[in-house]
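J.: the following block contains a protein sequence and its predicted model.
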Amino acid sequence: MAAAAPWVQDEAGFYTQLSFARETVDGFDGQRTKLYGEYGLNGEWTATASIERVEYPDGSDFNTTGWRATLRRPLLRYKSIQWSLEGGALQGAAIGGRNGCDALGGELRTGLGWSANWRGRAAYMFGEIATRQHEGCRRERFEYGFGVETRERIWSITQIWLERGQRNAPSDKFQSEILWRTDLIDVSLGYRKENGGRFEEEAVFMAFARQY
């Protein structure tokens, strides 16, 4: 399933993803590196952790690092539908992008996910609502994602993020990727665009993931 979506891991299940992005914003080219992981504690609780680093060779003042750690638990499971609640801590503007909050804060989110067959093909869809509270900074975030296996081992995945804040500018982000599921790892290649009000950001990325 998609990272940071409503599903939980089986007991001792482990998912990890490493991604690299080439970003362009306000005339600066930058590189983003992200490491994300999930671990199933007991089939009900799933622990998640991520760390991101953004670097701009020609604009080091924009360099930033961020981390996020949460616990996720299902509230309802019914056939192919799952509803979950997740909460934890985060710090660093890299987690929320250019409009993110830099100070230590807390996050609470709830989401609904569906995973089954759609028109004879494996597919999933999810929607999440999150709030992030920091000292002097608050962000609300809506996330939507849809993925479908277009052919054997090849998935087409689309995600949308809409974010609003107490102090910072709004952010609308769109991402599209193609994922190749091999016997060893999943390999993704995608494009992301963000309209942040005062700026626009474009990125191409590659990601490698594995479910243990």
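T.: Good, I have the coordinates. Residues are numbered from 1 along each chain as shown.
J.: name whatever forms a beta bridge with the nearest residue to residue 8 once chain neighbours are set aside.
T.: Spatial nearest neighbour of residue 8, chain neighbours left out: residue 46 (4.2 Å); criterion: CB to CB, 6 or more residues apart in numbering. Where you see a C-beta, it was placed from the backbone N, CA and C, and this is true even at glycine. Per DSSP bridges, the residues bridged to residue 46 are residue 40, residue 72.
J.: could you report the pLDDT at residue 46?
T.: pLDDT, residue 46: 96.
J.: kindly report the same for residue 120.
T.: Residue 120 is assigned a predicted lDDT (pLDDT) of 87.
J.: count the neighbours of it for me.
T.: 7 (other CB atoms under 10 Å).
J.: burial check on the residue nearest to residue 8, number of neighbours?
T.: Neighbour number of residue 46 under other CB under 10 Å is 24.
J.: surely it meets residue 10?
T.: No. Counting by CB atoms under 8 Å, residue 46 stays clear of residue 10, with 9.2 Å between them.
J.: what do the two both touch?
T.: residue 40 (CB atoms under 8 Å, 6 or more residues apart in numbering).
J.: excluding its backbone neighbours, what's nearest residue 130?
T.: Leaving aside its sequence neighbours, residue 130 sits nearest to residue 109 (CB to CB, 6+ apart; 3.5 Å).
J.: where along this protein do the strands fall?
T.: Assigned by DSSP state E, the strands in the chain fall at 14-25, 28-40, 46-55, 64-78, 81-91, 105-118, 121-134, 137-151, 154-165, 171-181, 186-195, 200-211.
J.: and residue 5, which of these is closest to it?
T.: strand 121-134 (4.5 Å; CB to CB).
J.: circling back to that earlier point, dump the strands of the chain to TSV, plus distance to residue 6.
T.: Below are those laid out as TSV (distance: least, CB to CB, whole Å):
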stretch	distance to residue 6
strand 14-25	14
strand 28-40	12
strand 46-55	10
strand 64-78	8
strand 81-91	4
strand 105-118	4
strand 121-134	6
strand 137-151	10
strand 154-165	14
strand 171-181	18
strand 186-195	19
strand 200-211	16
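J.: who's in contact with residue 56?
T.: 28, 29, 30, 62, 63.
J.: I'd like the distance between it and residue 28.
T.: As judged by CB to CB, to the nearest Å, residue 56 and residue 28 stand 5 Å apart.
J.: next: residue 127.
T.: As judged by CB to CB, residue 127 and residue 28 stand 33 Å apart.
J.: more neighbours: which of the two?
T.: Set side by side, residue 127 and residue 28 show more neighbours around residue 127, with 17 against 14, by other CB under 10 Å.
J.: so what's the residue count around the closest residue in space to residue 210 that isn't next to it in sequence?
T.: Nearest residue to residue 210 in three dimensions, chain neighbours excluded: residue 185, at 4.8 Å (CB to CB, 6+ apart). For residue 185, the count of nearby residues is 15 (other CB under 10 Å).
J.: what about this protein, any weak spots by pLDDT?
T.: Scanning the chain for pLDDT under 70 picks out the ranges 1-4, 59, 96-100, 167-168.
J.: rerun at 90
T.: Residue ranges of the chain with pLDDT under 90: 1-6, 24-30, 43, 56-64, 92-103, 118-120, 134-139, 164-171, 195-201, 212.
J.: residue 202 contacts residue 190, doesn't it?
T.: No. Residue 202 is beyond contact range of residue 190, at 11.7 Å (criterion: CB under 8 Å).
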